[in-house]
Structure formats: structure tokens, C-alpha cells
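Participant: Fold the following, please.
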Amino acid sequence: MKLQKTHMNNRRSIFSKYFVICSAVILVSFICLGAVLLLVSYRYFLEEKKTVLEKNVVSLASDSVGIISDSPSRWKDEVTDKITEYSRSVSADFILTDKNGSMIACSAPDELKDIEIPSSLLEKFGSKPAYVFSSLSDSYTDCHIVGISFEANGPSYYLIAVSPQSNQDAYIYDIMEIFGVSMIVSLIVALIIVYIATMRLAQPIKEIAEVSQEIGKGNFSVSLPSYDVREYQELSRAFNDMAASLKSYDTMRNSFIANVSHELRTPMTSIGGFVDGMLDGTIPQEEQRHYLKIISSEVHRLTRLVRSMLNLAKIEAGELEPDMRKFSVLEPIVDSLVTFESRLESKHIEIRGLDVDRVMLYADSDLIHQVMYNLIENAIKFVNDGGYIEFSFTPVGHMTVISIKNSGDGLSEEELPLVFDRFYKTDKSRGLDATGVGLGLNIVRSIIRLHGGKIMVRSVSGEYTEFVFTIPNTRIT
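Facilitator: Residues are numbered from 1 along each chain as shown. All right, here's what the predicted structure looks like:
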């Protein structure tokens, strides 16, 4: 248990996970962008440096040819001044050597005075500028070198432009420094935005968790607000519908428990009172048989209630498999009418619509018998003295439409939607007949639905009540 609790505490919230993931993605993106920028900057510097050095080497070589031709006696000083001028403009050193590599002039005489250009390097330069990445000396290692050879007044000369790698490193360092500062500022702004966005995205989940806890405590009146995000809006709508359904089921459950308690308590109170009366002598012996009949009636009522509840529970749980077979619809109707023969005669009820040819059904005969029994019993309760109960049968495709209609006061518009509810009884039903258990019509609807049919009720106040339902008349594949 302790390990499980520790494991639960180590689990990160969706907020922290989402924030860490987004932060990691942003950081990796900046790192990749920095790597690309580093590569692009390196290539750009190299290409740009080569182009600048080549142009300046060609231009300086041309200027040097002119100076040597125009000033044979003092051209070295003038060439040195020109080299120094070019060096300042392009941030590179220029060296003028003879064909053997001996230095004639340079832009940095203090740093380059002892350097001799190896012949192996001079061999790589011709009349067109050529690029080489090499070292000139211990102090000039890893340099970008562009050289060209030319002739002036007879002798051959080499003009070499040198840019140390350190210049490139300094340039890239400056670029990456600017990028680093920009990245840090952008990363901070991005993390703030991600934090706020994550908070907004996680807030509905927190609200759902809080509402779920309230529903778990039995408070079904809570609901989620409307959200701007479509997915959250759909979730909110579905969650509120679920809460409303749970509230409805809770109300139904409470009503069911109250009704069951009432239905069980009433006959048990009567039975207990009569038995106590017999035991303590309150009820005379000559009247005990009368009260024993009442007790027997109440016991049968309790039996019917328990049986009906068990059947209903089996149907709703899907545990009741109908035994489908062919039989005549008149069989369960006639059997039920025989059972109620005395009540039919006492109310002088006329039975209509049974003078028909055989109407076959394909269903569970026992379950359909219960349907007919309950509907006929209900009709007998509410038919007026001297009234009628009328049956009709209409095959429609693979279904048969059956109607059971009785004359009488009928049902009001307020009662029609409630007649199939569990334990619902009209006041007239309680006053006219105390033998019902309030589950008959609910079981009827469940059995008909089990067979794939539908049932409806219609009534005209003061005239009639009619139940219309459908039952299969052939196997449905």
C-alpha cells in the first residue's frame, strides 16, 4: 500500500508533462536552429572571404604592375603603401614576394618579416587567383590564403592575401553571441506563453475532476461550463448529459425504493395486524376464516410483486432468452379471459373481436401470455360496468399489430406518459383495485421490446383506453 501511494505521488500531472514536452520541443528547435545558423555562417564567411580576397588580390596585382612600371626606382615603398591600404579595407594581410618566395613587401612587416613562403605553396598560384587553406608559420596557422602570380618589367612576382582562421572564429562568435541572447529572450517569452496556454488547456480537466468528485459524492446538480475549444465543448456536453442521466436514474432509484417499500409494507402490515389480532384474541374465532382469506390474498399479492420484479430484472439484465415458437394469438387471450371470468361477469363486460381466423405469432408463448394477462387485467380494472373490451389483429409484414381497447373513463393527458413507469398507479387504480403491484405495464413494455416490438397507449377521456403493440409473426433473420 505504501509503495502504491509513493508511485501515485511520483506521477506527474498532465500540466507538468505538457509543459515539459513543449519546453523540450522549443529548446531542441532552438538548438537545431543554432546548429543550422552556425553552419550557414561558416559557409557564408568562407565564400564571402574567398570572393573578397580574390577580387582584392587581382585588383592589387594590377595596381602593383602599374606602380612597378611607372616607378622602377622607388616602387617598393609605393607598393607597400598600396598593400597597407588594401589590408585595412579588407581586414587581411598582403604579401609580395619574388619568384623564389623572398618577401619584398607586406602589410604587417613586424609579424611577417621573418616569413618565407615555401615553394610548394607558390606552385599552387598562377595567373588567376587560387584559394588555399594552409599555414605560413607557427604564428600564422590555419589561414585562408589567396594568391596570384604576375610579371612586371620582366621579373615574376607573387601576391598573397592571408586571413587567419581567428578572424572567422571571431565573426562566428559574434553571430552566435547575438543568436544566444536572442534565443534566451525568445525562450523565456515562449516558456511564459506555453505556461499560460498549458494552464488554460489543463483547467477544464481540473474542473472535470472536481465535478466528478462532486458527482461521486452524490451531488448530481453540478455541471461543466461551456468552453471555447471544440473538443472540450463536446466533452462538457457529454459530461453534463451523463450527470443529468445519473440524476434522473438517482431520482428513479429513490422513487423505486420508496414505491417498493410502500408496496411491500402495505400487505405485510395487514398480514402482521391480522395475525396479531388472531393471536391476542382481538379477532373472534368465527371471523378468523374471513381474515385468513385476506391474509392469503395479501400473500399472493406479495408473491406476484416479487415474481414481477425478478422477471423485470432478468429482462433488463439480458438474462432472459425468449423461447420462440409458432402459436395462435388467441391461446393466451382465451386463457387469460377464463381466469377473469367471474370479474367479467360481475361487471357485465362484452368481449369483442375474437371471432377471427387463426392469427399466428412467432414468440415466447409464456411471455406473451403474461403480456395478455396484464393488459386484460388492466382493461378489466378500468372498463365501465356494462362496457366492452375489444381486440383487433392486423398483420403488417413480419409483425402483427395487436390492439386491446376498453370503454370507460380513459386516461388524462398527464397520465398517458406515465402508465409504463414502474409502480405508477393512478388514484383511480388505487381506489378501484388494490390487487395490482404497479409493475404490470412496465413488464409488458419490457417483454414486447425483448421481442423487437413496440407498444403505445392512446385514450379519449370519458370514452376509451387502447393499448397497441407489435409482435413478430415469423422468424426474423
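
Participant: Tell me the buried residues in stretch 182-192?
Facilitator: Buried residues in stretch 182-192, counted by 16 or more other CB atoms under 10 Å: 183, 190. The C-beta positions use only the backbone N, C-alpha and C, and glycine is treated the same way.

Participant: swap in stretch 63-73?
Facilitator: Buried residues in stretch 63-73, counting neighbours by 16+ other CB under 10 Å, are found at 63-65, 67-68.

Participant: ditto for stretch 459-473
Facilitator: The neighbour-count check on stretch 459-473 (16+ other CB under 10 Å) flags 459, 464-473 as buried.

Participant: and the longest helix for the protein?
Facilitator: The longest helix of the chain (DSSP state H) is helix 14-70.

Participant: what is the rounded mean pLDDT of it?
Facilitator: For helix 14-70, the mean pLDDT works out to 84.

Participant: all helices of the stretch 201-350 of the chain, in order?
Facilitator: In the stretch 201-350 of the chain, the helices defined using DSSP state H, counting those that start in this stretch lie at 230-279, 288-317, 330-339, 341-346.

Participant: Give me the residues contacting stretch 243-251.
Facilitator: Applying CB atoms under 8 Å, 6 or more residues apart in numbering, the contact partners of stretch 243-251 are 211, 215, 218, 220-223.

Participant: Out of those, flag the one nearest to residue 357.
Facilitator: Taking CB to CB as the measure, residue 357 sits nearest to residue 220 out of these, at 53.9 Å.

Participant: show me the residues around the closest one that make contact.
Facilitator: Residue 220 is in contact with 243-244, 246-247, 250, counting by CB under 8 Å, 6+ apart.

Participant: quick revisit: which of the helices of the stretch 201-350 of the chain is buried the deepest?
Facilitator: Comparing the helices of the stretch 201-350 of the chain by mean neighbour count (mean count of other CB atoms under 10 Å), helix 330-339 comes out on top with a mean of 17.

Participant: just checking, what packs against that one?
Facilitator: Packing partners of helix 330-339 (3 or more CB pairs under 8 Å, 6 or more residues apart in numbering; DSSP states H and E): helix 365-382.

Participant: Can you tell me the strand partners of the following helix or strand past the helix it packs on and which way each runs?
Facilitator: Next helix or strand after helix 365-382 toward the C-terminus (DSSP states H and E): strand 388-396. Strands adjacent to strand 388-396 in the sheet, as given by DSSP bridges, are strand 350-352 (parallel), strand 399-407 (antiparallel).

Participant: can you list the contacts of residue 220 in JSON lines and add distance to residue 22 and pLDDT?
Facilitator: Formatted as JSON lines, these follow (distance: CB to CB, whole Å; pLDDT from 0 to 100):
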{"residue": "243", "distance to residue 22": "32", "pLDDT": "81"}
{"residue": "244", "distance to residue 22": "36", "pLDDT": "80"}
{"residue": "246", "distance to residue 22": "36", "pLDDT": "77"}
{"residue": "247", "distance to residue 22": "38", "pLDDT": "77"}
{"residue": "250", "distance to residue 22": "41", "pLDDT": "73"}
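
Participant: The residues you listed into TSV, with extra columns for distance to residue 414?
Facilitator: Formatted as TSV, these follow (distance: CB to CB, whole Å):
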residue	distance to residue 414
243	27
244	22
246	26
247	22
250	23
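
Participant: Turn the strands paired with strand 388-396 into TSV, including distance to residue 207 and mean pLDDT.
Facilitator: Putting the strands paired with strand 388-396 into TSV (distance: least, CB to CB, whole Å; pLDDT from 0 to 100) gives the following:
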stretch	distance to residue 207	mean pLDDT
strand 350-352	62	94
strand 399-407	48	95
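
Participant: To residue 314, which of the ones you listed lies closest?
Facilitator: Taking those one by one with CB to CB, strand 399-407 is closest: 23.5 Å.

Participant: could you check the angle helix 330-339 makes with the closest one?
Facilitator: 20 degrees (axes from the mean of the first three to the mean of the last three CA atoms, to 10 degrees).

Participant: Touching strand 399-407 from outside, list them.
Facilitator: Under the criterion CB under 8 Å, 6+ apart, residues 329, 359, 361, 375-376, 379-380, 382-384, 387-395, 453, 463-473 lie in contact with strand 399-407.

Participant: Backbone dihedrals for residue 470, please?
Facilitator: Dihedral angles of residue 470 (phi, psi; degrees, to the nearest 10) stand at phi -120, psi 140.

Participant: give me the beta-bridge partners of it?
Facilitator: Residue 470 has these beta-bridge partners by DSSP bridges: residue 401.

Participant: that older thread, most neighbours per residue, which of the strands paired with strand 388-396?
Facilitator: strand 399-407 (a mean of 20).

Participant: got the CA coordinates for it in CSV?
Facilitator: Extracted as CSV, the C-alpha positions of strand 399-407 are listed here (Å, rounded to 0.1, in the frame of the first residue of the first chain):
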residue,chain,number,x,y,z
MET,A,399,-45.1,-8.1,-37.5
THR,A,400,-48.7,-8.3,-36.2
VAL,A,401,-50.3,-5.2,-34.8
ILE,A,402,-52.5,-6.1,-31.8
SER,A,403,-54.9,-3.7,-30.1
ILE,A,404,-56.7,-4.2,-26.8
LYS,A,405,-59.3,-1.5,-26.3
ASN,A,406,-61.7,-0.9,-23.3
SER,A,407,-64.5,1.5,-22.8
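
Participant: Next, the angle helix 365-382 makes with it.
Facilitator: Using the same axes, to 10 degrees: strand 399-407 against helix 365-382 is 20 degrees.

Participant: Any stretches of the stretch 201-350 of the chain with poor pLDDT?
Facilitator: For the stretch 201-350 of the chain, applying pLDDT under 70 flags the ranges 252-253, 255-263, 266, 301, 304-305, 308-309, 311-313, 316-317, 319.

Participant: which residues in the stretch 51-200 of the chain form strands?
Facilitator: Along the stretch 51-200 of the chain, counting by DSSP state E, counting those that start in this stretch, strands occupy 93-98, 103-106, 130-134, 143-151, 156-164.

Participant: Dump those strands to a markdown table, plus distance to residue 352.
Facilitator: Below are the strands of the stretch 51-200 of the chain laid out as a markdown table (distance: least, CB to CB, whole Å):
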| stretch | distance to residue 352 |
| --- | --- |
| strand 93-98 | 124 |
| strand 103-106 | 131 |
| strand 130-134 | 114 |
| strand 143-151 | 115 |
| strand 156-164 | 117 |
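
Participant: out of those strands, nearest to residue 302?
Facilitator: Nearest to residue 302, of the strands of the stretch 51-200 of the chain and by CB to CB, is strand 130-134 at 106.0 Å.

Participant: Bridging across strands, which residues link to residue 395?
Facilitator: Going by DSSP bridges, residue 395 forms beta bridges with residue 400.

Participant: contacts for stretch 86-102?
Facilitator: Residues contacting stretch 86-102 (CB under 8 Å, 6+ apart): 52-53, 56-57, 59-60, 64, 79, 83, 103-108, 111-112, 115-119, 121-122, 155-163, 167.

Participant: Show the buried residues in the residues you listed.
Facilitator: Looks like these have 52-53, 56-57, 60, 64, 79, 83, 103-108, 112, 115, 117, 121-122, 157-163 buried, using 16+ other CB under 10 Å.

Participant: Compute the number of surrounding residues for the closest residue to residue 461 other than its chain neighbours.
Facilitator: Distance criterion CB to CB, 6 or more residues apart in numbering; nearest residue to residue 461, sequence neighbours excluded, is residue 410 at 4.6 Å. The number of residues packed near residue 410 is 18, by other CB atoms under 10 Å.
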